[in-house]
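# Following is a predicted model, sequence given first.
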Amino acid sequence: MKLLFTLLLLSVLTTAYAQIGRSFSLLEAKEYALKNNIKVINASLEYDIALQKKKEYLAAGMPEANINGTFNQFLNLPVQVLPISFFDPSAPEDEIIAFRAGTEFNSSANLEVNQLLFNGSYFIGIQASKLLIEVQNIQKYRTNEDVLFSVIEAYHIAAVAKENLIFSDSIFRLTESLKNTQQRYLDAGLLTNEDLDQMTYAVLSAKNAFENAELQFINTIAILKYAMGYSQDSTLTLGNSLSELDDKASQIALGSIDENSILPLLQTQIELAQCNVRNKKAGFLPSLSAYFQQSYNAYRTNFDFFQDKPWYSQTNWGLQMRIPVFSSGKGRSVVKQSEIQLLQDEYSYTMTKQGLKLQEVQLKNTIASALKKRALQKENSALAERIYRNAINKEKLGSGNNLLVTQKLNQTMIAQAQYTASLIEVYRSKLELDKLYNKLK
């Protein structure tokens, strides 16, 4: 019974573990990141905030109504002072009489409605709020672009690390098998301890390279999980092989720097700067608003506001106009500053476009060089591996040299490291060109 319970528990745990593990192709990894990466989610929330900001600004030009209520109790009624001559014309003019007037309890209720009729800055602000939404939309897109860049780069590096792990494992097993064979030769008296020690050194070197490759692969998978927004506690396997990724990396994207996502952002900033200039100039225009008030006031000698006693109403409306007259040159200075800022934004746009063109030329040259280097290092790595395997086979036949085997092993590891670096260089430069042309999706 206990054994049955243990088997059932293991079955449940195995099923649960299988459910949280998943294999991702590069396309699936990108799609997952665009839904689950925290940066993407926050960028979407920033866009939602911009939408609400626009509604808030629009509401500033709509009617606004407020109800105000007050209650006062005068612990000491206010003192009123009048000349005695007001009551008695024959009294001296410099004599006064003081008395308390009013009621102890006062209350009022007031309805006030305000409506903006004209304000130049308001209408320009509406246009600016639309542009701010566009800015946030572009920023959201650029955040998605950055996340995709990180995911693709991490996926490529993980694929390279996986291939390097497989290679290191095969070299380690090959070397270890030779060492085990030579151990039997030593036991039979056909090999010296010095020769076996040399072979043991080669095995330890191959094992160290394998363990480093294993650690690198684990770390690259963790980086990929982070870039995707995937749980570190869940398993993740790569659905695309290195050869599949290599084929795509060899295809140079066709595009134009005019499609780069930074340019619409800078163009929108120029439009915002133009709005700012118009807004500063609108500060010289008059503004007009209207208001309406309806008030009810009650005066009581006792606290009896809820009894059937009169409330005195008052109704009024009016217009308020503000006309700027003189600001000692401050207004003109502010307008001039906004015009200078507009010029700076226009120059930044031109300079950024020139920089993108330079980056395009450099990346194309880098990719061309990296592809040649990759082909050379791939051939060099394959040749070094073949030389090493031949050295192993010779040693198995008794016509080799353990020191030579160790040297060929180091040569193979160096060639593999150089080939791995050339792969990453190709992927990185290709990825940067794709980003330059806005082709990451």
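Sure, I can see it.
# Going by C-alpha atoms from here, please, whenever you check contacts or count neighbours.
Noted.
# tell me what the helix or strand hosting E346 is packed against?
Using DSSP states H and E, E346 sits within helix 330-397. Helix 330-397 is packed against helix 120-187, helix 262-282, helix 402-436, with contacts defined by 3 or more Cα pairs under 8 Å, 6 or more residues apart in numbering; DSSP states H and E.
# can you list these in JSON lines and add mean pLDDT, mean neighbour count and distance to E31?
JSON lines is the format used below for the helices and strands packed on helix 330-397 (pLDDT from 0 to 100; neighbours: other Cα atoms under 10 Å; distance: least, Cα to Cα, whole Å):
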{"stretch": "helix 120-187", "mean pLDDT": "88", "mean neighbour count": "19", "distance to E31": "9"}
{"stretch": "helix 262-282", "mean pLDDT": "93", "mean neighbour count": "19", "distance to E31": "23"}
{"stretch": "helix 402-436", "mean pLDDT": "88", "mean neighbour count": "20", "distance to E31": "17"}
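# looking at the ones you listed, which is closest to L236?
For L236, the closest of the helices and strands packed on helix 330-397 is helix 120-187, at 11.1 Å, according to Cα to Cα.
# Could you check the angle the closest one makes with helix 402-436?
When axes from the mean of the first three to the mean of the last three Cα atoms, to 10 degrees is applied, the directions of helix 120-187 and helix 402-436 differ by 170 degrees.
# Helix 120-187 - contacts with which helices or strands?
helix 26-36, helix 38-59, helix 193-228, helix 242-249, helix 262-282, helix 330-397, helix 402-436.
# Output those in TSV; the columns should cover distance to T70.
Converted to TSV, these look like this (distance: least, Cα to Cα, whole Å):
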stretch	distance to T70
helix 26-36	52
helix 38-59	27
helix 193-228	58
helix 242-249	74
helix 262-282	38
helix 330-397	41
helix 402-436	63
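# before we move on, the earlier item: closest to N316 out of the helices and strands packed on helix 330-397?
Of all those, helix 120-187 sits nearest to N316, with 26.3 Å by Cα to Cα.
# Could you check the angle the closest one makes with helix 262-282?
Here helix 120-187 runs at an angle of 160 degrees relative to helix 262-282 (the same axes, to 10 degrees).
# how far does helix 120-187 sit from the chain's center?
Centroid separation for helix 120-187 versus its chain: 16 Å, with Cα atoms, centre = their mean, to the nearest Å.
# where does this protein dip in pLDDT?
For the chain, the stretches with pLDDT under 70 are 1-20, 182, 185-192, 250, 253, 396-401.
# Backbone dihedrals for the spatially most distant residue from the centre of it, please?
Here the chain reaches farthest from its C-alpha mean at S90, the gap being 86.9 Å by Cα atoms, centre = their mean. Per-residue torsions, S90: phi -90, psi -10 (degrees, to the nearest 10).
# Begin at 5, not 1, for the rest of this chat.
Happy to do that; since the first residue is 5 now, the last one works out to S94.
# Distance of it relative to F109?
Computed as Cα to Cα, to the nearest Å, the S94 to F109 distance reads 36 Å.
# before we move on, what about I161?
Note on I161: its distance to F109, by Cα to Cα, is 80 Å.
# Next: E350.
65 Å.
# for S352, same thing?
To F109, S352 is 67 Å away according to Cα to Cα.
# neighbour-wise, which of those two wins?
It is F109, of S352 and F109, that has more neighbours when counted by other Cα atoms under 10 Å, with 19 against 15.
# Surely the more buried one and N80 touch.
No. Counting by Cα atoms under 8 Å, F109 sits too far from N80 to count as a contact (11.0 Å).
# residue contacts, P268?
Listed by Cα atoms under 8 Å, 6 or more residues apart in numbering, the contact partners of P268 are I142.
# Quick check: can you name the pairing partners of the helix or strand hosting G322 and their directions?
Using DSSP H and E, G322 sits in strand 316-326. Using DSSP bridges, strand 316-326 pairs in its sheet with strand 291-304 (antiparallel).
# buried residues in the partner strand?
Using 16 or more other Cα atoms under 10 Å as the test for burial, strand 291-304 gives S291, S293, A294, Y295, Q297, S299, Y300, N301, A302, Y303, R304.
# So what touches it?
The contact list for strand 291-304 (Cα under 8 Å, 6+ apart) reads 107-124, 309, 314-327.
# do stretch 313-329 as well
Contact with stretch 313-329 is made by 287-303, as judged by Cα under 8 Å, 6+ apart.
# CA atoms of that stretch as CSV?
Output of stretch 313-329 as CSV, limited to C-alpha atoms (Å, rounded to 0.1, in the frame of the first residue of the first chain):
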residue,chain,number,x,y,z
LYS,A,313,-38.5,78.9,8.0
PRO,A,314,-37.4,81.0,5.0
TRP,A,315,-34.1,80.6,3.1
TYR,A,316,-33.2,83.7,1.1
SER,A,317,-32.1,83.0,-2.5
GLN,A,318,-29.6,85.0,-4.7
THR,A,319,-29.0,84.4,-8.4
ASN,A,320,-26.3,85.9,-10.5
TRP,A,321,-24.2,85.2,-13.6
GLY,A,322,-21.3,87.0,-15.3
LEU,A,323,-18.4,87.0,-17.7
GLN,A,324,-14.7,87.1,-16.8
MET,A,325,-12.1,88.4,-19.3
ARG,A,326,-8.4,88.5,-18.9
ILE,A,327,-6.4,90.6,-21.3
PRO,A,328,-2.6,90.6,-21.1
VAL,A,329,-1.2,94.1,-21.3
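# And that stretch, how far out from the chain middle?
50 Å.
# Helix or strand: which one has the closest residue in space to N301 that isn't next to it in sequence?
Nearest non-adjacent residue to N301, counting by Cα to Cα, 6 or more residues apart in numbering: S112, 4.2 Å away. For S112, the element it lies in under DSSP H and E is strand 109-122.
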